[in-house]
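Novice: no sequence on this one, just coordinates:
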């Protein structure tokens, strides 16, 4: 049996009150958008690359964003001593369609872990990164930007795979 990425439902309710809840809803919507772009595709389809020499694929984006979630929330903000999930370039170059289900599950688990380290911290909670003081607020805004940029790539990748377009 061939694994296919599950269907995903994005939140379509009213915007919540307050900055923290608004940032969380926007981040969750961007996260879900990536998963929507993967929905219904097999591991082989997720691993399809664009045109050479690019290593860009939906599976590579899943792996890359797993790294990014871990790096910003757990390694940098929470100062957890955890290894990188894949490595910066390996996320794109070493995609394996037979591992797509595991890579997808790893992203969804990393999202839960990221949310858990942030949920009880104020947006003003600070940490140092490359000699600069950054806040949890910065992490939320950065992650929304990171997903939004890569979701643009995901739109094009998905359209190339099967012609599907949309938000």
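Specialist: All right, it came through fine. Because the structure is predicted, anything quoted here is derived from the model rather than measured.

Novice: after the lowest-mean-pLDDT helix or strand in the chain, next one along is what?
Specialist: When the helices and strands of the chain are compared on mean pLDDT, DSSP states H and E, helix 90-93 comes out lowest with a mean of 88. Later in the chain than helix 90-93, the nearest helix or strand by DSSP states H and E is helix 100-118.

Novice: show residues contacting that following helix.
Specialist: Applying Cβ atoms under 8 Å, 6 or more residues apart in numbering, the set of residues contacting helix 100-118 from outside is 3, 5, 24, 31, 35, 38, 42-43, 46-47, 59, 62-63, 65-66, 69-70, 72-74, 77-78, 80, 85, 95, 136, 139-140. Bear in mind the C-beta positions are built from the backbone N, C-alpha and C, glycine included.

Novice: swap in 7 Å and give it another go.
Specialist: With contacts defined as Cβ atoms under 7 Å, 6 or more residues apart in numbering, helix 100-118 is touched by 3, 5, 31, 38, 43, 46-47, 59, 62-63, 65-66, 69-70, 73-74, 77-78, 85, 136.

Novice: swap in stretch 128-143?
Specialist: Stretch 128-143 is contacted by residues 23, 27, 72-73, 76-77, 118, 121, 123-127 when judged by Cβ under 7 Å, 6+ apart.

Novice: okay, and which of those residues map to helices?
Specialist: Judged by DSSP state H, the contacts of stretch 128-143 include 23, 27, 118 as members of helices.

Novice: and of those, the nearest to residue 149?
Specialist: Checking the ones in helices among the contacts of stretch 128-143 against residue 149 by Cβ to Cβ gives residue 27 as the nearest, at 13.5 Å.

Novice: quick one: the closest one and residue 164, what's the gap?
Specialist: To residue 164, residue 27 is 24 Å away according to Cβ to Cβ, to the nearest Å.

Novice: now the strands for this structure?
Specialist: Using DSSP state E, the strands assigned to the chain run over residues 126-129, 132-135.

Novice: the first one: which residues count as buried?
Specialist: In this case it means strand 126-129. Neighbour-count burial for strand 126-129, counted by 16 or more other Cβ atoms under 10 Å, picks out residue 127.

Novice: quick one: mean pLDDT for it?
Specialist: Strand 126-129 shows a mean pLDDT of 96 in the predicted model.

Novice: that one pairs with which strands?
Specialist: strand 132-135 (antiparallel) (DSSP bridges).

Novice: residues of the strand it pairs with that come out buried?
Specialist: Buried residues in strand 132-135, defined by neighbour count with 16+ other Cβ under 10 Å: 134-135.

Novice: for stretch 78-91, same thing?
Specialist: In stretch 78-91, counting by 16+ other Cβ under 10 Å, buried: 78, 85-86, 90-91.
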